[in-house]
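J.: Kindly generate the corresponding structure for this input.
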Amino acid sequence: MSMAERLGLCLLHRFDPERAHGLSIRALNMGLAPLPGPVTSPRLATALAGLSLPNPVGLAAGYDKNAEALAPLSRAGFGFIEVGAATPRPQPGNPRPRLFRLTQDRAVINRFGFNNQGMQAIGERLARRPADAVIGLNLGANKDSADRAGDFARVLTHCGAHLDFATVNVSSPNTERLRDLQGRAALSALLSGVMAARDALARPIPVFLKIAPDLNGDELAEIAEVATASGVAAIIATNTTLSRDGLTSADRDQAGGLSGAPLFEKSTRVLAQLSRLTGGTLPLIGVGGIGSPEQAYAKIRAGASAVQLYSAMVYQGMSLVPRIAHGLDDLLARDGFSNVADAVGTGTGDWL
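T.: Just a heads-up that it's a prediction; the model follows:
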């Protein structure tokens, strides 16, 4: 991390976390963050659900909720970018404060509640997206919707022409009863509607499913079965957790979803379980607590074909992205892998 980036992070941390989040988006658009351009190599080049990625290190949903920084993010070193979550109608989300830094734990708690500007505004920005990046949208439901399952399909229908992939997000803990949609019957019906909307697009795109870490073995088995039967192209494991085990920071008891370093082991165990349940037939994307090349590599060896980052950038800055990509390249070379795909799942047993 450069001295300028270190000073910038120190400055941002003087602000309320949500204000700092907004300022970081503005800084990106003003060219004040390190933007190394594409990071790739023959070892890092990744095929995922029909997509060609320069590297397997992606941006998780939640950072650029409204697709406001697509151009600079496409030059930040990510192999792919996920924006959103987007809902059909704009919504303010939950009352503030709703974002908390747990600095001692290198973690974040949020209870945003799908605050976003709605699919109309987000779709207009996606229509002007950089053509040379891989960009997806996290689909959400309005809190007061009478048909939450239908909301996911509506957003995909509206924005799908401008996307490379879409993610069905039934795993946020901050919208009441949203996680109930992870049950077999509800999830099957929801995905049926989303896949019908996908098939109606002029250019059908892969659909991913994002799940929570707070699921038992039987629930994971159900999700794997329904996802496979529904034609989902990949599962993203995992979203934030409701667990508070081992935290020491002052805000540890705030309501909301916990992300960051404490989530790493829990989310990686879920990832490995899914890898075993699917037998490696369904691509997995590992997210939760990644803050180093070694942790990205551990997710890949646990069964992930690609990974996503977000919370660690709060503490390590945007330069973390190329640092992880280059470090992952070095780890693959060290262990004799000619491509990242050859390392996927080679350490699954370590997490079961």
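
J.: what mean pLDDT does stretch 79-96 have?
T.: The average pLDDT for stretch 79-96 rounds to 97.

J.: what's the spacing between it and its chain's center?
T.: From the chain centre to the centre of stretch 79-96 is a distance of 12 Å (C-alpha atoms, centre = their mean, to the nearest Å).

J.: what does stretch 232-250 give?
T.: Computed by C-alpha atoms, centre = their mean, the chain-centroid distance of stretch 232-250 equals 11 Å.

J.: what's the span of that stretch from first residue to last?
T.: Start-to-end span of stretch 232-250 (C-alpha to C-alpha, to the nearest Å) is 40 Å.

J.: T103 contacts A250, correct?
T.: No - applying C-beta atoms under 8 Å, one finds T103 not in contact with A250, separated by 9.2 Å. Bear in mind the C-beta positions are built from the backbone N, C-alpha and C, glycine included.

J.: At which residues are the strands of the stretch 251-352 of the chain located?
T.: 257-260, 284-287, 306-309 (DSSP state E, counting those that start in this stretch).

J.: who's in contact with the nearest residue in space to T346 that is not next to it in sequence?
T.: Setting aside the residues directly before and after it, T346 is nearest to R301 in space (C-beta to C-beta, 6 or more residues apart in numbering), at 5.0 Å. R301 makes contact with A343, V344, G345, T346, G347, T348, D350 under the criterion C-beta atoms under 8 Å, 6 or more residues apart in numbering.

J.: what's the overlap in contacts for T103 and A250?
T.: Counting by C-beta under 8 Å, 6+ apart, nothing touches both T103 and A250.

J.: one step back: most tightly surrounded among the strands of the stretch 251-352 of the chain?
T.: Most buried of those by mean neighbour count (mean count of other C-beta atoms under 10 Å) is strand 284-287; its value is a mean of 30.

J.: Pull the number of nearby residues for A250.
T.: 12 (other C-beta atoms under 10 Å).

J.: how near is it to L102?
T.: 8 Å (C-beta to C-beta, to the nearest Å).

J.: same thing with Q316?
T.: 15 Å.

J.: Mind checking which of these two has more residues around it?
T.: L102 (24 against 20).

J.: Strands of the stretch 1-150 of the chain, start to end?
T.: According to DSSP E, counting those that start in this stretch, the strands that the stretch 1-150 of the chain contains are 46-48, 51-53, 57-59, 80-86, 99-102, 107-110, 135-139.
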